[in-house]
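Student: A structural model of the following input is requested.
(2 chains)
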Number of protein chains: 2
Amino acid sequence: MEAKLYLTPGSFKPTEADQATTVVIDVLRCTTTICTALQAGAKGVIPVRDVDEAVELRTKLGNDLALLAGERSGRMIEGFQMGNSPLEFTPESVGGKLVVMTTSNGTRAFADARSARTVLAGSLVNVAAVARRVAELDRPLAIVCAGNDGGFSIEDTLCGGMILDELATRHRLDLDCNDAGSLALLLFRSSRRSLHETIAQGEHGRYLHTLGYDDDLRFAAEANSQPVVPELRDGTLIAVEN
Amino acid sequence: MEAKLYLTPGSFKPTEADQATTVVIDVLRCTTTICTALQAGAKGVIPVRDVDEAVELRTKLGNDLALLAGERSGRMIEGFQMGNSPLEFTPESVGGKLVVMTTSNGTRAFADARSARTVLAGSLVNVAAVARRVAELDRPLAIVCAGNDGGFSIEDTLCGGMILDELATRHRLDLDCNDAGSLALLLFRSSRRSLHETIAQGEHGRYLHTLGYDDDLRFAAEANSQPVVPELRDGTLIAVEN
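Tutor: Alright, predicted model coming up:
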């Protein structure tokens, strides 16, 4: 299987990946939160780029059905019902609801990837489920790391490496990786026993620590705790059968 | 020492690094060739962005003093005296000459970095010499990987990791790395016994292999074979005493 990993969304050219299965990763915290919301019974998560677009969309969908969630600089947005902490997304808060979400990095990466044939949300919390879906689709793979303010982030690359490792070992696929994919595999294989430490010591992990989000860091590092596969269908991420 | 590594030139913001020592790395093959040219006795190497700019500059400097060198898509440029293979740069070919050079990735990275306080050229062939100069200057460090067509390349990150390892071990510096710097260190420490294999198996290494440049790949992997420190002074890279 051809497997290309993009360390930052800017390096990903969606036209290249039109026929590929594209996995968007933003471990801290967008895709972790998306998985948690769907696992908790949300009908769907709609990733949008801007705050204004989110507010407008919620009004259109109706305030009973839709909730606004997201962050800027890691903090909740004024007038929104929810932030971007996965711990907020429980059956009580989001069951049966549509979540309109805008975050600094993750939701923008979905917007960039939307022309790809299949777009999935990946995170450590659903890594085996995503890998299974990628193997089942059996097409070239593009892993897009949302990164941090356009730059590289270690936790997204670590997660990309874990997906590649699952494909190579559990699914016994012969992977043809680009340089960034090989590096991600190396990172995961060197850090598999210290996922939480690797995330917590990264740039964004240290920033979230200063905001008091240590529980989110622990939650995001719990591999396969939310075994759901969020797939983009007409602009909405829904849980698909796997 | 604050040590930031940039996996691609696009992620480097020179304003951030005004006061930093900036090391530009393009192992295959621009900075390897620059080191070799200076070690062979070239007076200096002038990195320029475009072919037209290179031709114009040579005319201004005089055809007796200046030579044109470089590549596009790995191949020599029409009308140029030299390509971008380090093996061409001998005392006979470049001794006492100024080399005006334009390459796909490396010389552009120098153009992007030129506002930094000090700009050095680093490669595996001069890694210990560059690290010694960085330690001596004792300022924050920015390592800029020239990459491959704007994207990530494994050999430049490997070399960046080797510079950081030299600083941490031989010079006993306490490094404060960004995520990309930590990853580069991990890559080097995992690959230190297989520098040539890592380079040859990378995307650009495989491409150069198809062009018949296997000797260049071996040459570029010979750590510390050209112990020179190229430093940018008024637009020209010259060998500084170390």
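
Student: Return the residues in contact with the most centrally placed residue in chain A.
Tutor: By C-alpha atoms, centre = their mean, the mean C-alpha position of chain A lies nearest to A:T31, the distance being 2.6 Å. Neighbour list for A:T31: A:V24, A:I25, A:G106, A:A121, A:G122, A:S123, A:A146, A:P230 [criterion: C-beta atoms under 8 Å, 6 or more residues apart in numbering or on different chains]. Where C-beta positions appear, they are placed from N, C-alpha and C, glycine not excepted.

Student: filter those residues to the buried ones?
Tutor: Those of the contacts of A:T31 that meet the buried threshold are A:V24, A:I25, A:G106, A:A121, A:G122, A:S123, A:A146, A:P230, by 16 or more other C-beta atoms under 10 Å in any protein chain shown.

Student: So which of those residues sit within strands?
Tutor: Members of the buried ones among the contacts of A:T31 lying in strands (criterion: DSSP state E): A:V24, A:I25, A:A121, A:G122, A:P230.

Student: tell me the two of these that are most distant?
Tutor: Spatial extent of these (C-beta to C-beta) is set by the pair A:I25 and A:P230 at 11.6 Å.

Student: Could you tell me which residues touch both of those two?
Tutor: With C-beta under 8 Å, 6+ apart as the test, A:I25 and A:P230 both reach A:T31, A:A121.

Student: How much space separates the residue nearest to the centre of chain A from B:G202?
Tutor: 28 Å (C-beta to C-beta, to the nearest Å).

Student: So for the longest helix seen in chain A, what gets flagged as buried?
Tutor: If you go by DSSP state H, chain A has its longest helix at helix A:154-169. Counting neighbours by 16+ other C-beta under 10 Å, one finds that the buried residues in helix A:154-169 are A:154-168.

Student: hang on, the earlier thing: most widely separated two among the contacts of A:T31?
Tutor: Farthest-apart pair in those is A:A146 and A:P230; separation 14.0 Å (C-beta to C-beta).

Student: relative to helix A:154-169, how tilted is the helix or strand of chain A with the lowest mean pLDDT?
Tutor: When each helix and strand of chain A is scored by mean pLDDT, DSSP states H and E, helix A:106-113 comes last, with a mean of 88. Here the directions of helix A:106-113 and helix A:154-169 differ by 60 degrees (axes from the mean of the first three to the mean of the last three C-alpha atoms, to 10 degrees).

Student: in chain A, what spans have low per-residue confidence?
Tutor: Chain A contains residues with pLDDT under 70 at A:15-17, A:242.

Student: Point out the residues in it that sit beside chain B.
Tutor: Neighbours of chain B within chain A, by C-beta under 8 Å from any C-beta of the partner chain: A:7-8, A:10-11, A:148, A:150-154, A:157, A:178-180, A:182-183, A:186-187, A:190, A:201-203.

Student: What subset of the residues you listed is buried?
Tutor: By neighbour count, with 16+ other C-beta under 10 Å, those hold A:7-8, A:10-11, A:148, A:151-154, A:157, A:178-180, A:182-183, A:186-187, A:190, A:201-203 as buried.

Student: Among these, which ones are in helices?
Tutor: Within these, residues falling in helices by DSSP H are A:I154, A:T157, A:D179, A:A180, A:S182, A:L183, A:L186, A:L187, A:S190, A:Q201, A:E203.

Student: now, among these, which is nearest to B:Q226?
Tutor: Distance to B:Q226, by C-beta to C-beta, is smallest for A:D179 among these, at 24.3 Å.

Student: Who are the contact partners of the nearest residue to the closest one once chain neighbours are set aside?
Tutor: Leaving aside its chain neighbours, A:D179 sits nearest to B:I154 (4.0 Å; criterion: C-beta to C-beta, 6 or more residues apart in numbering or on different chains). For B:I154, the contacting residues are A:D179, A:S182, A:L183, B:L187, B:T198, B:I199, B:G202, B:E203, by C-beta under 8 Å, 6+ apart.

Student: Excluding chain neighbours, what is closest to the second one?
Tutor: Which is A:S182. Closest residue to A:S182 apart from its sequence neighbours, by C-beta to C-beta, 6+ apart: B:I154 at 6.6 Å.

Student: Looks like A:H204 contacts A:R29 (just checking).
Tutor: No - A:H204 lies out of contact with A:R29 (C-beta atoms under 8 Å); the separation is 9.1 Å.

Student: Which one of those two is surrounded by more residues?
Tutor: Legend: neighbour count by other C-beta atoms under 10 Å in any protein chain shown for A:H204 and A:R29, higher for A:R29 (28 against 25).

Student: what residues are up against the more buried one?
Tutor: If you count contacts by C-beta under 8 Å, 6+ apart, A:R29 has them with A:N84, A:S85, A:P86, A:T103, A:G106, A:L208, A:Y213, A:D216, A:A220.

Student: do A:N84 as well
Tutor: Residues in contact with A:N84 (C-beta under 8 Å, 6+ apart) are A:R29, A:C30, A:T33, A:A69, A:G70, A:E71, A:G74, A:M76, A:M101, A:T103.

Student: got it, and A:G160?
Tutor: Contact analysis of A:G160 by C-beta under 8 Å, 6+ apart lists A:L5, A:V23, A:I25, A:G122, A:I143, A:C145, A:G181, A:A184.

Student: switch the cut-off to 10 Å
Tutor: Neighbouring residues of A:G160 by C-beta atoms under 10 Å, 6 or more residues apart in numbering or on different chains: A:3, A:5-7, A:23, A:25, A:27, A:122, A:127, A:141, A:143-145, A:180-181, A:183-185, A:187-188.

Student: A:I163 now?
Tutor: Neighbours of A:I163 in contact, by C-beta under 10 Å, 6+ apart: A:3, A:5, A:23, A:25, A:120, A:122-124, A:126-128, A:130-131, A:134, A:141, A:143, A:181, A:184-185, A:188.

Student: if we go to 8 Å?
Tutor: Applying C-beta under 8 Å, 6+ apart, one finds that A:I163 lies in contact with A:V23, A:G122, A:V127, A:V130, A:A131, A:V134, A:I143.

Student: can you give me the end-to-end distance of stretch A:21-37?
Tutor: End-to-end distance for stretch A:21-37: 22 Å, by C-alpha to C-alpha, to the nearest Å.

Student: Repeat that for stretch A:44-56.
Tutor: Stretch A:44-56 has an end-to-end distance of 17 Å (C-alpha to C-alpha).

Student: Chain A: strands as residue ranges?
Tutor: Taking DSSP E to define them, one finds strands in chain A at A:2-6, A:21-25, A:44-47, A:66-70, A:98-102, A:118-122, A:141-145, A:176-177, A:230-233, A:236-239.

Student: Using TSV, please lay out those strands together with distance to B:P47.
Tutor: Formatted as TSV, those follow (distance: least, C-beta to C-beta, whole Å):
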stretch	distance to B:P47
strand A:2-6	28
strand A:21-25	36
strand A:44-47	42
strand A:66-70	44
strand A:98-102	42
strand A:118-122	40
strand A:141-145	31
strand A:176-177	31
strand A:230-233	43
strand A:236-239	46
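
Student: Could you report the neighbour count for the nearest residue to A:Y213 once chain neighbours are set aside?
Tutor: Of all residues not flanking A:Y213 in the chain, A:S85 sits nearest, at 6.5 Å (C-beta to C-beta, 6+ apart). Counted with other C-beta under 10 Å, the neighbours of A:S85 add up to 21.

Student: Now A:S85, what are its backbone angles?
Tutor: The phi/psi pair for A:S85 (degrees, to the nearest 10) reads phi -90, psi 120.
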